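# Sequence and predicted structure are below.
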Amino acid sequence: MTSNDMDDGAYIGLRSATLRYPLQPLQRRSIKADLTGLLKRGAKDARVTTRYVTALDAVTLDIRRGERVGLVGRNGAGKSSFLRLVAGVYLPQEGEVIRHGKEQAIFDIGIGFETDATGRENVFYRGLVMGMHPDKIRERADDIIAFADIGEFIDLPLRAYSSGMVVRLAFAISTFLEGDILLIDEVFGTGDLQFYNKAKARMMDLVDNAHIVCFASHDLPAIRDICNRCLWIHGGKVRMDGSAEEVTKAYEAAVVRGEI
């Protein structure tokens, strides 16, 4: 990373970053083997074989201030893994991830909710899960609740909410964070056109104010509209890296031809 990257205040760098997920171990059991295992404590259990799937395979790239980077690819290609690696949710087994700037991640928006607690209480709980200071949560609680616009339900337990109400509340909390690096995984709907339009406007404000944006989506027109760069991820590797227009059209053509 250069001194210019540091001065710009936002930077992402991947250096041969590799991420693998362990699959459920396969076991072959027998009574004799179990008894033998008890007599050989500390010895490696040869009956257990752990398999891994590679989500990202030796990815190297730089993302700098001012870049709005779209991520396209089939389900399971590695888009979400890329975002979670950048966010620090996962650590690479090999290689390195360099980040300079504060991340704001908008994915897994349902995590951190207590179904027996009220919406108002969940604003506080989820804010804590997302790393917000208690004073900051209290300062912003009224604005978050007003944006969610779920009326008297805010003081009812979450188990009384429709799925759309939960999404509205989660979106309101998630988008009242601040960050230099904005990470977005897919586009989530609310089932409510009026709120969708308000949410879309809020998202565009976040995009405009962020120094770096990484946006994973199957909505190619949205990628072209928001992003100035695009990564086509396939099998955990970056298959193509270029302008949003160029990459999305190449990806679309490959899908139509049945090549992927």
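Alright, I've got the coordinates. Numbers count the residues shown, from 1 in each chain.
# which non-adjacent residue is nearest residue 80?
Take residue 80 and drop its neighbours on the chain: the residue closest to it by Cβ to Cβ, 6 or more residues apart in numbering is residue 185, 5.5 Å away. Backbone N, C-alpha and C define where each C-beta goes, glycine included.
# Can you give me the domain boundaries for this structure?
Per automatic domain parsing, the structural domains of the chain span 3-25+49-101+217-256, 106-210.
# how far does the last one sit from the chain's center?
In terms of Cα atoms, centre = their mean, to the nearest Å, the gap separating the centre of domain 106-210 from the centre of its chain is 15 Å.
# ditto for the first one
The gap between the average C-alpha position of domain 3-25+49-101+217-256 and the chain average comes to 11 Å, counting by Cα atoms, centre = their mean.
# per-residue confidence at residue 194?
As predicted, residue 194 sits at a pLDDT of 80.
# ugh, wrong one, I meant residue 72
Listed pLDDT for residue 72 reads 98.
# beta partners of it?
residue 232 (DSSP bridges).
# Would you confirm that it contacts residue 222?
No: applying Cβ atoms under 8 Å, one finds residue 72 not in contact with residue 222, separated by 10.7 Å.
# In terms of neighbours, single out the busier of those two.
Neighbours were counted for residue 72 and for residue 222 using other Cβ atoms under 10 Å; residue 72 has more, 28 against 17.
# Which residues are in contact with that one?
Listed by Cβ atoms under 8 Å, 6 or more residues apart in numbering, the contact set of residue 72 reads 79, 216-218, 220, 223, 230-233, 247-248, 251.
# ok, now residue 230?
The contact partners of residue 230, taken as Cβ under 8 Å, 6+ apart, are 69-72, 223, 240-244, 246-248.
# now with 7 Å?
69, 70, 72, 223, 242, 243, 244, 247, 248 (Cβ atoms under 7 Å, 6 or more residues apart in numbering).
# closest to residue 260 among the residues you listed?
Using Cβ to Cβ, residue 72 is the member of these that lies nearest residue 260, at 10.7 Å.
# what's the spacing between that closest one and residue 163?
Distance, residue 72 to residue 163, using Cβ to Cβ, to the nearest Å: 27 Å.
# and residue 97, that's in a strand?
Yes: secondary structure of residue 97 (DSSP: H, G, I helix; E, B strand; the rest coil): part of a strand.
# wait, it sits on residue 17?
Yes: here residue 97 lies in contact with residue 17, judged by Cβ atoms under 7 Å, at a distance of 5.5 Å.
# So between the two, which is more surrounded?
Under the criterion of other Cβ under 10 Å, the comparison of residue 97 against residue 17 puts residue 17 first, with 23 against 18.
# out of everything not next to it in sequence, what's closest to the more buried one?
Excluding the flanking residues, the one nearest residue 17 by Cβ to Cβ, 6+ apart is residue 95, at 4.0 Å.
# Just give the number of residues close to that neighbour.
A count of nearby residues for residue 95, using other Cβ under 10 Å, gives 17.
# quick one: low-confidence parts of the stretch 1-150 of the chain?
1-8, 24-49 (pLDDT under 70).
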